[in-house]
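>>> For reference, the sequence and a predicted model appear below.
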Amino acid sequence: MDMSQLLVDLSRSQFAFTALFHFIFVPLTLGLSWILFIMEAAYIKTGKVVYRDMVKFWGKLFAINFAMGVVTGITMEFEFGLNWAYFSRFIGESFGTILAIEGLTAFMTEATLFGLFFFTWNKVSKKTHLLITFFLALGTNLSIVNILVANSWMQHPVASFLNPDTMQMQLTSFVDIYLQELAQIRIGHVAFGGYVISAMFVVGISSWYLLRKRNTGFAIRSLAVGLGFGVSSAIFIFFLGDANGLAVDKYQPAKMAAIEGQWETQKPPAAWTVVAIPSQEKEKNYLEINIPWALSLIAGHNLSATVEGLKPIMKENETRIRDGAIALKALSHIRSGNGTKADYAIFDPTNQATKKYRDNIGYGFILQEHAKDPFNPTEKEVQAAAKDSIPEMWPAFFGFRVMIFCWFITFLIMVLGSVFLLHRTLLKHRWFMWAALFAIPLPYIAAEAGWVIAEMGRQPWVVHGILPTSLGVSSLESWNIVISLFFFALLYVALFVVELIIMVKIARKGPGSLGTGRYDLEEKH
């Protein structure tokens, strides 16, 4: 294997490992914070102490998860500078500003309110504490806004241009990167995904108490809150997921083609490929199972819609590569100090006549990796670059189907639980309680699969259409990354085991861990 490619693969693997591990903890805090608010509002409304106990008990699990999320998230901040130095410099005036706001606002707010939530019981009025819980939930959810805005900008870099003198992306409108369609949809999609995870977490653990016939009143009330929150969230995420798919089709057609397993563009009404074995080398699928017309309905909500295939996209990218080569040549002149007015005109964001060249500079960068002379590439070199301009199909294809399957099973369990609860027959269906307990991992798997789709589906780009992933890495020896990845894996697995032990211990004891004298398994003092 090429050593430079090995460095890229190792750098990607390390960041993927730490990011996916960190995201195990983030979603639970998003939804559990709102569940705590709902429970505390019920306490103030009814005056029943059991609701206050629910807030305190589930708040314990929230605190453990919150701490783990903070610890595992810090690592990624360092990885930007250590493993992705050129990427960090390239986007410093856009992405960097957003990350700074994230640290100064949402994170600080969340940490402050976290302390107030736990240490002001009986020190402030009930309504004041409820207000603190509300702002804790709001701050917790704001913590994903800037990260998703930054990531959405990487997926679809709006309101910015490449400055050829500094080799950095410069913003033209700070507000527009927050208001862009992709960012708005993805913030909602990720947030409600976290809500479903939190609801299933509460429902599953509450079901375990019911199976053990312990703290039944506490468990039923917790389960009711979880089911109500979960069903509504699962419905919202369905519509947000659909909107996200339409946005991906609009802004990232290659990712959409990979998700739907489309090598060729079908004539509408297009069939949806339910299952297949994609072959990147042969550019075809094996063992396909299709549903007629379904892809048109999914992709455009009508029978005239279709999804552009990866083969036509590669053909279109050949033109982008040739335009990118022109921009690359102009950039080379500028960087060497020999830039002409014509060269600078290519990178002038107000010059519409040269837009097609500067917008395709990233394809010129990809061409560099395949052409001996990227300013005068051969047809074979252009075709090789075009093959590298699309994502690997199988991660996005299978990731999407895993995500949908896990969402459907979770939603089904939530609906059945709600029906049983409304008909007061829940305790008669022990199979349901076992299903709810073992379904706790399903929305987690769906969330992780969603990130695999988002990140693997936009390859080979770290900034879509502009900066290839291969150019974003730091100049490191591969063994440095191997060693650090090994120790990260040891540390993270150790942290995960510790967290599981603590969470299971508290969950097994249930509200008895509060020491109120009202529940089973109370600690004796």
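Nice, I can see it.

>>> center of the chain, which residue is that?
residue 451 (4.2 Å; CA atoms, centre = their mean).

>>> from memory it sits against residue 23, does it?
Yes. The pair formed by residue 451 and residue 23 meets the contact definition of CB atoms under 8 Å, at 6.1 Å. For the C-beta atoms, the positions are set from N, CA and C on the backbone; glycine is no exception.

>>> quick one: buried residues of stretch 220-228?
220, 221, 222, 223, 224, 225, 226, 227, 228 (16 or more other CB atoms under 10 Å).

>>> How about stretch 289-306?
By neighbour count, and taking 16+ other CB under 10 Å as the criterion, the buried residues in stretch 289-306 are 290, 295, 296, 298, 299, 300, 305, 306.

>>> who touches both of residue 451 and residue 23?
Between them, residue 451 and residue 23 share no neighbouring residue, with contact defined by CB atoms under 8 Å, 6 or more residues apart in numbering.

>>> re earlier: contacts only, for the residue nearest to the centre of the chain.
For residue 451, the contact set (CB under 8 Å, 6+ apart) comprises 19, 20, 23.

>>> Looking at the buried residues of stretch 289-306, which one is closest to residue 266?
Out of those, the one with the shortest distance to residue 266 is residue 306. That distance is 5.4 Å, counting by CB to CB.

>>> got a list of what the closest one touches?
The contact partners of residue 306, taken as CB under 8 Å, 6+ apart, are 265, 266, 267, 268, 270, 295, 296, 299, 300.

>>> Phi first, then psi, for the third one.
Summarising the backbone geometry of residue 267 under the convention degrees, to the nearest 10, its torsions are phi -80, psi 140.

>>> how close does it sit to residue 278?
Distance from residue 267 to residue 278, counting by CB to CB, to the nearest Å: 21 Å.

>>> Neighbour count for those two, which is higher?
When residue 267 and residue 278 are compared for neighbours, residue 278 comes out ahead with 23 against 8, by other CB atoms under 10 Å.

>>> For the more buried one, which non-adjacent residue is spatially closest?
Sequence neighbours aside, residue 393 is the residue nearest to residue 278 in space, at 4.2 Å (criterion: CB to CB, 6 or more residues apart in numbering).

>>> do residue 87 as well
For residue 87, the nearest residue in space outside its immediate sequence neighbours is residue 472; the separation is 3.3 Å by CB to CB, 6+ apart.

>>> so how far is residue 516 from that neighbour?
53 Å.

>>> more neighbours, these two?
In this view residue 472 and residue 516 are compared by other CB under 10 Å, and residue 472 has more residues nearby, 23 against 15.

>>> Which segments of the chain make up each domain?
What the record gives for the chain is the domain set 1-83+95-155+477-513, 181-251+395-456, from automatic domain parsing.

>>> which of these sits most buried?
Using mean count of other CB atoms under 10 Å, the stretch among the domains of the chain with the largest mean neighbour count is domain 181-251+395-456, at a mean of 20.

>>> Span of that one from start to end?
Its first and final residues considered, domain 181-251+395-456 spans 21 Å by CA to CA, to the nearest Å.

>>> Same check on stretch 138-146?
14 Å.

>>> Check the residue nearest to residue 322 when sequence neighbours are not counted and give its pLDDT.
For residue 322, the nearest residue in space outside its immediate sequence neighbours is residue 382; the separation is 6.7 Å by CB to CB, 6+ apart. Taken from the predicted model, the pLDDT recorded for residue 382 is 96.

>>> Residue 382 - how many residues pack around it?
Other residues within reach of residue 382 by the criterion other CB under 10 Å amount to 21.

>>> That one contacts residue 320, doesn't it?
No. Look at residue 382 against residue 320 with CB under 8 Å: they stay out of range, at 10.1 Å.

>>> quick one: which of the contacts of residue 306 is nearest to residue 234?
Residue 234 has its nearest neighbour among the contacts of residue 306 in residue 299, at 22.2 Å by CB to CB.

>>> Tell me if I'm right that the closest one and residue 307 touch.
Yes. Contact between residue 299 and residue 307 holds when scored by CB under 8 Å: they sit 5.1 Å apart.

>>> shared neighbours, those two?
249, 256, 260, 270.

>>> how about the nearest residue to the last one, chain neighbours excluded?
When the adjacent residues along the chain are set aside, residue 270 lies closest to residue 295, with 4.0 Å between them (CB to CB, 6+ apart).

>>> who's in contact with the helix or strand containing the one you found?
Secondary structure assigned from DSSP states H and E places residue 295 in helix 294-300. By CB under 8 Å, 6+ apart, the surrounding residues in contact with helix 294-300 are 245-246, 249, 256, 260, 262, 266, 268-273, 302-307.

>>> Among the residues you listed, name the ones in helices.
Taking DSSP state H, the ones among these that sit in helices are 245, 246, 249, 256.

>>> quick one: contacts for the first one?
Looking back up the chat, that one is residue 245. The contact partners of residue 245, taken as CB under 8 Å, 6+ apart, are 256, 259, 298, 299.

>>> do the same with the last one
By CB under 8 Å, 6+ apart, residue 256 lies in contact with 245, 248, 249, 262, 299, 307, 308.

>>> let's see it at 6 Å
For residue 256, the contacting residues are 248, 249, 307, taking CB atoms under 6 Å, 6 or more residues apart in numbering as the criterion.

>>> If we only consider the contacts of residue 451, which is nearest to residue 351?
Of all those, the one with the least separation from residue 351 (CB to CB) is residue 19, at 37.5 Å.

>>> On the pLDDT front, check that closest one for me.
At residue 19, the pLDDT value in this model is 89.

>>> And the one 10 residues further on, by the same measure?
On pLDDT, residue 29 comes in at 93.

>>> same question, residue 24
Here, the pLDDT recorded for residue 24 equals 90.

>>> export the ones in helices among the contacts of helix 294-300 to CSV and tack on distance to residue 144 and pLDDT?
Putting the ones in helices among the contacts of helix 294-300 into CSV (distance: CB to CB, whole Å; pLDDT from 0 to 100) gives the following:
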residue, distance to residue 144, pLDDT
245, 20, 93
246, 21, 94
249, 24, 93
256, 24, 97
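
>>> what's the closest of these to residue 83?
Distances from residue 83 to the ones in helices among the contacts of helix 294-300, taken by CB to CB, are shortest for residue 256, at 28.9 Å.

>>> Not counting sequence-adjacent ones, nearest residue to the closest one?
If the residues on either side of it in the chain are set aside, residue 256 comes closest to residue 249, at 4.4 Å by CB to CB, 6+ apart.

>>> Low-confidence bits of this structure, can you list those?
Counting by pLDDT under 70, the chain contains low-confidence residues at 1-3, 95, 103-106, 521-525.

>>> which residues of it fall in strands?
If DSSP state E is used as the criterion, the strands of the chain fall at 160-163, 168-171, 272-279, 284-291, 461-463, 467-468.
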